[in-house]
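**Q** Kindly return the folded structure for what I paste below:
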Amino acid sequence: MNRVDRLAAMLIHLQSKKIITAQELAQRFGICIRTVYRDIRALEAAGIPIGSEAGVGYYLVEGYHLPPVRFTSEEAGALLLAGKLAGAFADA
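**A** Numbering: from 1, shown residues only. Take a look at the predicted model:
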């Protein structure tokens, strides 16, 4: 999993629970705890309001959530087709 995908997945995982430990994130994504710390700092630098308590874990600040992604069926079809075309014509 590349870093951008991992950061997005980490953000979604943070939304799923009240508090998540660095150890839990490290195990979930197969990374070391130091990488978790770097990734959390990257999310914070991107403007995501992440709180933390020493010895307890990380959490999203009350009231923050990602807005839902809404595409029309035509837009979703276009994105799917573009992804397939890009995969077919891209270099390995």
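**Q** Show me what the mean pLDDT comes to for the helix or strand hosting Leu14.
**A** Assigned by DSSP states H and E, Leu14 falls within helix 3-16. For helix 3-16, the mean per-residue pLDDT is 90.
**Q** Mind listing what's buried along it?
**A** Neighbour-count burial for helix 3-16 flags 6-7, 10-11, 13-14 (criterion: 16 or more other Cβ atoms under 10 Å). The C-beta positions use only the backbone N, C-alpha and C, and glycine is treated the same way.
**Q** Let me know the distance separating the residue of the chain positioned farthest from its centre from Lys17.
**A** Distance to the chain centre peaks in the chain at Phe89, reaching 27.6 Å (criterion: Cα atoms, centre = their mean). Per Cβ to Cβ, to the nearest Å, Phe89 is found 40 Å from Lys17.
**Q** about what we covered before: what's downstream of the helix holding Leu14, the next helix or strand?
**A** Later in the chain than helix 3-16, the nearest helix or strand by DSSP H and E is helix 22-29.
**Q** buried sites along that following helix?
**A** By neighbour count with 16+ other Cβ under 10 Å, helix 22-29 contains the buried residues 22, 25-26, 29.
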